[in-house]
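Mind folding the following:
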Amino acid sequence: MIRVRKADERGHFNHGWLDTFHTFSFSDYYDPAQMSFRSLRVINEDRVQPGKGFGMHGHRDMEIITYVLEGALEHKDSLGNGSIIRPGDLQHMTAGTGVRHSEFNPSTDEAVHLYQIWLLPERQGFPPTYDQRAFSGDERRGRLRLVASPDGDDGSLTIRQDARLYLSSLNADESVSQGIQTGRHAWLQVLRGRVTVNGVQLETSDGLAISDERQITVVGEQGAEVMLFDLA
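Numbers count the residues shown, from 1 in each chain. All right, here's what the predicted structure looks like:
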């Protein structure tokens, strides 16, 4: 079973400093039919204006992943971490028993374009952690690069959920395939470009929920980048 979540059907708010799209119900956007998919609770696509951002605020019991497509994002948190997240960098926080953080666009003239993803943890009460790693374009080109997993396999970030996250960049007519074990599910998010997934054409920012399929095949139709979740 394949269900498309079209980009223009998402919740959308433009606050001036923040232009944001919500795949699932979040903040002032509520749709009982779009609450989550398996352990995926939030997929927000954000564009933050120069010198603006999210002030210090708190989270608990959530796995938070940030991926920057364009620009840069400055991170600070109550664990003492401070960093700049750039295109190709993946940031992960286990909020666990509680963490406070801020995310700002440090540029004076360039917006930052990013995805923020929340997954429910396998249980509550983990100690909070922070990690960030860069995955080069060559690592993602024409293949599914594992970037987050429960066991940190192949240099991926370690998350506290039975989920695996892959990134792939595809030229036109390049393809990648991934088997889906019985009882598991997948979500594919098109970060840019156009692809065909199991015969379904998707545009930039479209999402796809996949259940009861044995395999997923992604074919690039123009320069494309996708994010694939393998979910329990």
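
Identify the residue nearest the geometric centre of this structure.
By Cα atoms, centre = their mean, the chain has its centre lying nearest to I117, at 4.5 Å.

tell me the contacts of that residue?
L40, V42, I43, N44, I64, I65, T66, Y67 (Cβ atoms under 8 Å, 6 or more residues apart in numbering). Placement of C-beta: from N, CA and C, glycine included.

same question, E221
A172, G193, R194, V195, T196, Q201.

For the nearest residue to A224 once chain neighbours are set aside, grab phi and psi.
Of all residues not flanking A224 in the chain, G193 sits nearest, at 2.9 Å (Cβ to Cβ, 6 or more residues apart in numbering). Backbone torsions for G193, taken as degrees, to the nearest 10, come to phi 80, psi -160.

Give me the distance between G193 and L228.
Relative to L228, G193 is positioned 14 Å away (Cβ to Cβ, to the nearest Å).

what do you get for P150?
16 Å.

again with L165
7 Å.

Sheet partners, orientation included, of the helix or strand where T217 lies?
According to DSSP states H and E, T217 maps onto strand 215-220. In the sheet, strand 215-220 lines up against strand 175-179 (antiparallel), strand 195-197 (antiparallel) (DSSP bridges).

tell me the most buried of those?
strand 195-197 (a mean of 21; mean count of other Cβ atoms under 10 Å).

residues making contact with that strand?
The contact list for strand 195-197 (Cβ under 8 Å, 6+ apart) reads 2, 170, 188, 201-202, 208, 216-221, 224, 226.

where's the residue of the chain most remote from its centre relative to G16, distance?
For the chain, the residue at maximal distance from the C-alpha centroid (Cα atoms, centre = their mean) is T108, at 25.5 Å. T108 sits 17 Å away from G16, taking Cβ to Cβ as the criterion.

and what of L119?
From L119 to G16 the distance is 29 Å (Cβ to Cβ).

same check, this time on S27
When S27 is compared with G16 (using Cβ to Cβ), they lie 16 Å apart.

Among the two, which residue is more densely surrounded?
Neighbour count, other Cβ atoms under 10 Å: between S27 and G16, S27 has more, with 11 against 7.

got the contact list for the nearest residue to the more buried one once chain neighbours are set aside?
Of all residues not flanking S27 in the chain, F13 sits nearest, at 7.8 Å (Cβ to Cβ, 6+ apart). Going by Cβ under 8 Å, 6+ apart, F13 touches D19, T20, H22, S27, D28, Y29.
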